[in-house]
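1. below are the sequence and a predicted model for it; my questions follow.
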Amino acid sequence: MITLRNIVVPLVAAALVAGCSAPTAAPGEAGPAGDGTTMTLADGYEPDDLNPLLGYGAEGASKFYDGLYARDAQRTLQPALASGPATSSPDRLSWTVPLRPGVTFHDGSALGPEDVVATYAAILDPARAATIRSSVPMLAGVEAVGDDAVRFRLSYPYGAFPARLTSGILPSEALEGGGPVSDLPVNTRAVGTGPYRLAEWRRGDTMVMESNPGYWGGAPSVTRVTVVFATDDNTRAQRTAAGEFDGTVLPPALARAVAQQSGLALREHASADYRTVALPFANPVTADPAIRAALNRSVNRQGMIDAFLAGQGEPAHHPIPGVLPEQVEPSATFTFDPAEAGRILERAGWVPGPDGVRVRGGQAARFTLMYPATDTVRRDLAQAFASDVRAAGIDVRLEGLGWEAIEPRMGADALVLGGGDPFDPGFKAWQLLHSSNAADGFNNPGSYRNAAVDAALDTALRAPDEAARTAAVKEFQRAYVADPGMVFLAFLGHSYVTRDAWDGYTPVVEPHTHGTTWGPWWNLQDWTPRS
């Protein structure tokens with residue numbers, strides 16, 4: 001069970017902030033400027049690369065790239081590099097997208113149909129190994145239509161196809177030569193059409209973005225942004241409170257304490273960002289349906305949210321978030337019921353051993369749960385999970401590791417996994433839980449298989465309209481909770497602290513991707529210095 005030791009976090013945070021010293025600039029970075037045209041932010045994560053074909057900025061908030069479409073603050077799809085809405089053929093097997101005229105890439109070349117065609121051809125080519133291929137499973141091909149449009153051909157009708165066109169477009173020249181997209185120079189030297197250009201990237205230290213004066217949406221007023229990569233939450237909190245940073249992402253309790261400093265504002269965003277315990281089906285313990293059913297009834301989800309997230313979040317039972325209530329099936333939940341968890345295990349033949357750990361046929365109810373060592377939220381959730389399920393007689397061994405050690409083991413050991421978006425959660429559920437995506441990286445890493453879940457997700461993927469899609473997504477939830485493949489814990493709220501010196505902030509419901517890419521700065525190109 002969750003212990004009360006966690007309620008001291010706000011007090012510790014307040015003491016930390018009170019003890020902050022005067023600002024000290026680190027090598028390679030500049031502190032906040034007084035005129036509002038420059039900004040220094042701190043992020044807890046550094047991207048592995050800047051390649052949209054490897055997933056960078058896939059939801060459309062990248063500062064370096066634009067997709068054909070993007071989302072506004074109400075999550076409504078709006079044209080970006082497209083000049084207007086996409087039009088479909090009567091059978092919805094093709095979609096034509098008009099292109100915005102007069103757009104140029106950061107290298108000065110003009111955007112044309114050939115760039116869109118080259119980008120999506122690379123996504124479709126198996127030899128190029130674009131990791132976002134699974135984001136467009138219905139796409140069969142793309143072709144230019146004259147000088148100002150492109151046409152996408154689908155292998156089956158998909159009514160929400162334009163929503164899949166938010167990933168950044170690369171210049172065709174950047175894709176010449178073939179080979180894996182992971183070898184492209186744009187991995188470290190972004191070339192897009194976005195509001196900011198990459199000026200400098202010092203790995204492990206800072207990234208500097210400069211405004212694009214020729215941006216089709218107008219040159220940003222914030223002309224230079226320095227992002228400092230600092231993995232430690234307390235370090236970012238101290239330096240923000242001391243005035244070194246204009247903003248950062250922090251755990252909720254810590255953010256609230258730091259925001260008490262004069263001139264700082266607390267920004268708390270709802271999200272579709274889940275944390276789940278992914279269970280490997282190659283493991284004889286976690287593959288057992290009774291173990292999975294018992295785990296889901298053993299965890300105190302609300303207790304975790306209250307203890308570790310300062311109450312900012314909501315319990316999760318599947319990947320469909322409460323921020324989209326029209327898509328949530330109310331009956332698809334797990335009650336916190338440790339007694340019922342015990343009864344489920346007893347009926348399945350899992351009996352308590354001499355050390356309290358249940359045993360069946362000589363197999364102990366024991367497995368390893370990995371989490372990224374630098375992620376304090378995942379660490380705390382992992383510890384609470386292990387404590388809760390120990391009461392049911394299931395022993396969870398925790399390992400905090402780096403991603404390079406975690407990824408090769410995802411098929412054999414459990415993992416505290418994050419993901420989700422508020423734009424098309426049914427599609428995200430298909431990526432995460434459909435058997436066709438088994439062991440595809442972070443898509444279905446445990447190789448979960450359930451025929452009823454597959455059928456509902458396939459129906460949602462091919463639904464002719466939104467009503468049919470929503471009905472299928474609700475059926476998916478009912479089928480999933482009858483045979484869960486993971487233990488979803490919570491949808492996190494995202495907390496930020498930002499210097500209150502600019503106009504333009506607009507709250508938004510966020511996907512899993514956040515930090516300085518989304519956060520208050522998701523529309524940074526629209527911000528202006530406050531006079």
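-> On my side now, so go ahead. Numbering: from 1, shown residues only.
2. what about the helices in the stretch 251-400 of the chain?
-> For the stretch 251-400 of the chain, the helices defined by DSSP state H, counting those that start in this stretch cover 252-258, 289-298, 301-308, 338-347, 376-390.
3. and among those, the most buried is which?
-> helix 252-258 (a mean of 25; mean count of other C-beta atoms under 10 Å). In this view, the C-beta of every residue, glycine as well, is placed from N, C-alpha and C.
4. for that one, name the packing helices and strands.
-> Using 3 or more C-beta pairs under 8 Å, 6 or more residues apart in numbering; DSSP states H and E, the elements in contact with helix 252-258 are helix 9-18, helix 233-241, strand 264-269, strand 494-499.
5. state the mean pLDDT of the last one.
-> Read that as strand 494-499. Averaged over strand 494-499, pLDDT sits at 96.
6. after that strand, next one along is what?
-> Later in the chain than strand 494-499, the nearest helix or strand by DSSP states H and E is strand 502-503.
7. same question, the longest one
-> Using DSSP H and E, the helix or strand that follows helix 9-18 in sequence is strand 38-43.
8. now the angle between strand 494-499 and that next one, please.
-> 150 degrees (axes from the mean of the first three to the mean of the last three C-alpha atoms, to 10 degrees).
9. tell me the strands beside strand 38-43, with direction?
-> Counting by DSSP bridges, the strands paired with strand 38-43 are strand 224-229 (parallel), strand 247-250 (parallel).
10. winner for burial among the ones you listed?
-> Counting by mean count of other C-beta under 10 Å, the most buried of the strands paired with strand 38-43 turns out to be strand 247-250, with a mean of 27.
11. pull the distance from stretch 508-527 to the chain's centre.
-> Stretch 508-527 sits 12 Å away from the centroid of its parent chain (C-alpha atoms, centre = their mean, to the nearest Å).
12. number of residues surrounding the residue lying closest to residue 269 once chain neighbours are set aside?
-> If the residues on either side of it in the chain are set aside, residue 269 comes closest to residue 494, at 4.6 Å by C-beta to C-beta, 6 or more residues apart in numbering. By other C-beta atoms under 10 Å, the residues close to residue 494 number 26.
13. which residues sit in contact with residue 494?
-> Residue 494 makes contact with 249, 268, 269, 271, 273, 510, 514, 518, 519, according to C-beta atoms under 8 Å, 6 or more residues apart in numbering.
14. please redo it, this time with the cut-off set to 6 Å
-> By C-beta atoms under 6 Å, 6 or more residues apart in numbering, the contact set of residue 494 is 269, 271, 510, 514.
15. so it versus residue 315, what's the distance?
-> 17 Å (C-beta to C-beta, to the nearest Å).
16. for residue 474, find the nearest of the helices of the stretch 251-400 of the chain.
-> Closest approach to residue 474 among the helices of the stretch 251-400 of the chain is made by helix 289-298 (18.7 Å; C-beta to C-beta).
17. quick one: buried residues of the lengthiest helix in the chain?
-> Longest helix of the chain, by residue count under DSSP state H: helix 466-482. Buried residues in helix 466-482, counted by 16 or more other C-beta atoms under 10 Å: 469, 470, 471, 472, 473, 474, 475, 476, 477, 479, 480, 481.
18. which ones are touching the second one?
-> Shown here is residue 470, whose contacts under the criterion C-beta under 6 Å, 6+ apart are residue 327.
19. can you list the domains in the chain?
-> 4-46+203-269+495-529, 52-187, 274-492 (automatic domain parsing).
20. what about residue 91, how many neighbours?
-> Residue 91: 9 neighbours (other C-beta under 10 Å).
21. er, residue 438 actually
-> Using other C-beta under 10 Å, residue 438 has 16 neighbouring residues.
22. repeat for residue 503
-> By the criterion of other C-beta under 10 Å, residue 503 has 13 neighbours.
23. now do the contacts for it.
-> Residue 503 makes contacts with 528, 530, as judged by C-beta under 6 Å, 6+ apart.
24. model confidence for it, exactly?
-> At residue 503, pLDDT is 96.
25. beta-bridge partners for it, please?
-> residue 528.
26. how much space between it and residue 527?
-> Taking C-beta to C-beta, one finds residue 503 at 7 Å from residue 527.
27. and the helices and strands packed on helix 252-258, which one's lowest on average pLDDT?
-> Among these, helix 9-18 carries the lowest mean pLDDT (a mean of 44).
28. pLDDT value on residue 211, please?
-> In this prediction, residue 211 carries a pLDDT score of 98.
29. and the gap between it and residue 445?
-> Noted for residue 211: a distance of 39 Å to residue 445, by C-beta to C-beta.
30. the more surrounded of those two?
-> Applying other C-beta under 10 Å to residue 211 and residue 445 shows that residue 445 carries more neighbours, namely 25 against 22.
31. that older thread, show me the contacts of residue 494 that map onto strands.
-> Secondary structure assignment by DSSP state E places residue 269 of these in strands.
32. go through the contacts of residue 494 and name the one nearest residue 485.
-> Distance to residue 485, by C-beta to C-beta, is smallest for residue 271 among the contacts of residue 494, at 22.2 Å.
33. tell me the pLDDT at that closest one?
-> Looking at residue 271, the pLDDT reads 95.
34. touching, it and residue 510? I think so.
-> Yes: between residue 271 and residue 510 there is a contact under C-beta atoms under 6 Å: 4.3 Å.
35. quick revisit: okay, the helices of the stretch 251-400 of the chain in a markdown table with distance to residue 436 and mean pLDDT next?
-> Putting the helices of the stretch 251-400 of the chain into a markdown table (distance: least, C-beta to C-beta, whole Å; pLDDT from 0 to 100) gives the following:
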| stretch | distance to residue 436 | mean pLDDT |
| --- | --- | --- |
| helix 252-258 | 37 | 94 |
| helix 289-298 | 21 | 98 |
| helix 301-308 | 29 | 96 |
| helix 338-347 | 29 | 97 |
| helix 376-390 | 27 | 96 |
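36. the longest helix of the chain vs helix 289-298, what angle?
-> Going by the same axes, to 10 degrees, helix 466-482 makes 100 degrees with helix 289-298.
37. measure the residue of the chain positioned farthest from its centre to residue 393 for me?
-> Distance from the C-alpha centroid of the chain peaks at residue 354, with 42.2 Å (C-alpha atoms, centre = their mean). According to C-beta to C-beta, residue 354 stands 12 Å off from residue 393.
38. now do the SS call for residue 207.
-> Look at residue 207: counting by DSSP: H, G, I helix; E, B strand; the rest coil, its state is strand.
39. surely it touches residue 198?
-> No: when contacts are counted by C-beta under 6 Å, residue 207 is not listed as touching residue 198 (7.3 Å).
40. ok, the two, which is more surrounded?
-> More crowded of residue 207 and residue 198, by other C-beta under 10 Å: residue 207, with 23 against 20.
41. ok so, going back, the buried residues of helix 466-482: which two are farthest apart?
-> Pairwise over the buried residues of helix 466-482, using C-beta to C-beta, the maximum falls at 469 and 481, 19.4 Å.
42. where does the protein dip in pLDDT?
-> For the chain, the stretches with pLDDT under 70 are 1-34.
43. repeat the analysis, applying 80 as the threshold.
-> Across the chain, residues meeting the criterion (pLDDT under 80) sit at 1-34, 515, 531.
44. mind checking which helix or strand residue 90 is in?
-> With DSSP H and E as criterion, residue 90 is part of no helix or strand.
45. all helices in the stretch 51-200 of the chain, in order from the N-terminus.
-> Counting by DSSP H, counting those that start in this stretch, the helices of the stretch 51-200 of the chain are 113-124.
46. how about the strands in it?
-> Along the stretch 51-200 of the chain, counting by DSSP state E, counting those that start in this stretch, strands occupy 69-71, 77-79, 87-88, 94-98, 139-144, 149-154, 196-202.
47. buried sites along the fifth one?
-> The one in question is strand 139-144. Buried residues in strand 139-144 (16+ other C-beta under 10 Å): 139, 142, 144.
48. repeat that for the longest one.
-> The neighbour-count criterion (16+ other C-beta under 10 Å) identifies 196, 197, 198, 201 as the buried residues of strand 196-202.
49. contacting residues around residue 106?
-> Neighbours of residue 106 in contact, by C-beta under 6 Å, 6+ apart: 191, 197.
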